[in-house]
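1. Kindly generate the corresponding structure for this input.
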Amino acid sequence: MLAQMQKDFRHWLLRAENAALAAAIDSPRGLAAYQNNYRSQLVRVLQASYPQLLARLGEDAFREVAIHHVERHPPSSWTLDAYGADLAGTLQAMYPRHPDLRELAWIEWTLADVFVAADAPVLDPGRLDGIDWDRACLRLSPSLHLHAFATNAIDLWSALQDGATVPEAQMLRTPAHAVIWRRGFASRLRAADATEHVALLSLRDDARFSALCDALVEHLGEDQGIARAGHLLAEWIASGIVVAVEAGD
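-> Alright, predicted model coming up:
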């Protein structure tokens, strides 16, 4: 009986439609207080996870989104830190003509997610002397995320983050690329051009530096491709995107 009551109580918290539980409790009015506290806590979790989306939508509209999400997506993890990972789906349902909101939410969630990603060593460039670059493999940061944006969400997030005037949302003629990763104790976001995006995708499929060079040569031509590979490698090591250079087979 206790197990059934606990099951009914959970159903009540999520749906507020369990007449059997209300009939079994002396003061059903108290259930509303529990449910209100439960939902309010989840709304606050979403507000804390998406401060720039909250600023973009405004308090009333964001609360409407949050309540809609809470009613349809109960927590499924042991920690509330994971709650809200799928908010983009709720935004798609409620604002199908505003993909900028989904992309803004992706930026915010990913910046928070990479902060708790696995640690990675800091690569000392001075230890790269003598590397056989024909066989070398590059290891990317475990926190690295790549994304192609259909809107100017990067500009929207930057303006909101800086407290600047927020531009109008726009669809882009060609995708805008960005990388998000963690270096030390800071989550980082920066734009990437199409060539860098292609290069990082290539490394995910094949970690060999020689394969990266081949991909860039195919994309840019031999001279520019080799030069860009060296420039990108230096930048990735300096910024912590590449965390190790290992001898390949």
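2. Which residue ranges of this protein form helices?
-> When assigned using DSSP state H, the helices of the chain occupy the ranges 2-15, 19-24, 29-49, 51-57, 59-72, 87-94, 99-115, 153-162, 194-205, 209-220, 222-239.
3. Adjacent strands (with direction) for the lengthiest strand in the chain?
-> For the chain, the strand with the greatest residue count under DSSP state E is strand 171-183. Strand pairing for strand 171-183, using DSSP bridges, gives strand 145-151 (antiparallel), strand 186-192 (antiparallel).
4. how much space between the spatially most central residue of the chain and W157?
-> With distances taken as CA atoms, centre = their mean, T110 lies nearest the centre of the chain, 1.9 Å away. With distances taken as CB to CB, to the nearest Å, T110 is found 11 Å from W157. (Each C-beta comes from the backbone N, C-alpha and C, glycine too.)
5. Give the residues shared as contacts by these two.
-> Residues touching both T110 and W157 (CB atoms under 8 Å, 6 or more residues apart in numbering): there are none.
6. my guess is T165 meets A159, correct?
-> Yes: assessed by CB atoms under 8 Å, T165 is found in contact with A159 at 6.4 Å.
7. And those two? Which one has more around it.
-> Neighbour count, other CB atoms under 10 Å: between T165 and A159, A159 has more, with 17 against 6.
8. okay, the more buried one: pLDDT?
-> Predicted confidence (pLDDT) for A159: 97.
9. got it, and the one 5 residues further on?
-> A164 is assigned 96 on the pLDDT scale.
10. which residue packs closest to it, ignoring adjacent ones?
-> Distances taken as CB to CB, 6 or more residues apart in numbering place S158 nearest to A164, at 7.7 Å, with adjacent residues excluded.
11. With F149 instead?
-> F149's closest residue in space is A176 (CB to CB, 6+ apart), at 4.5 Å.
12. My read is that the one you found contacts R190, right?
-> No: A176 is beyond contact range of R190, at 11.6 Å (criterion: CB under 8 Å).
13. List the contacts of the residue nearest to F149.
-> By CB under 8 Å, 6+ apart, the neighbours of A176 are 148-149, 152, 154, 191.
14. try L91
-> Here L91 is in contact with 65, 98, 101-102, 105 (criterion: CB under 8 Å, 6+ apart).
15. With neighbour count added, can I get these in TSV?
-> Formatted as TSV, these follow (neighbours: other CB atoms under 10 Å):
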residue	neighbour count
V65	24
H98	16
L101	25
R102	20
A105	28
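16. can you tell me which of those residues lies nearest to G184?
-> Nearest to G184 out of the contacts of L91 is A105 (CB to CB; 25.3 Å).
17. is it true that that closest one touches R56?
-> No: in this structure, A105 is not within contact of R56 by CB under 8 Å, at 9.5 Å.
18. For this structure, which element, helix or strand, carries the lowest mean pLDDT?
-> Using mean pLDDT, DSSP states H and E, the weakest-scoring helix or strand in the chain turns out to be helix 19-24, at a mean of 53.
19. Please tell me how far E222 sits from D134.
-> 16 Å.
20. low-confidence ranges in the chain?
-> 1-35, 248-249 (pLDDT under 70).
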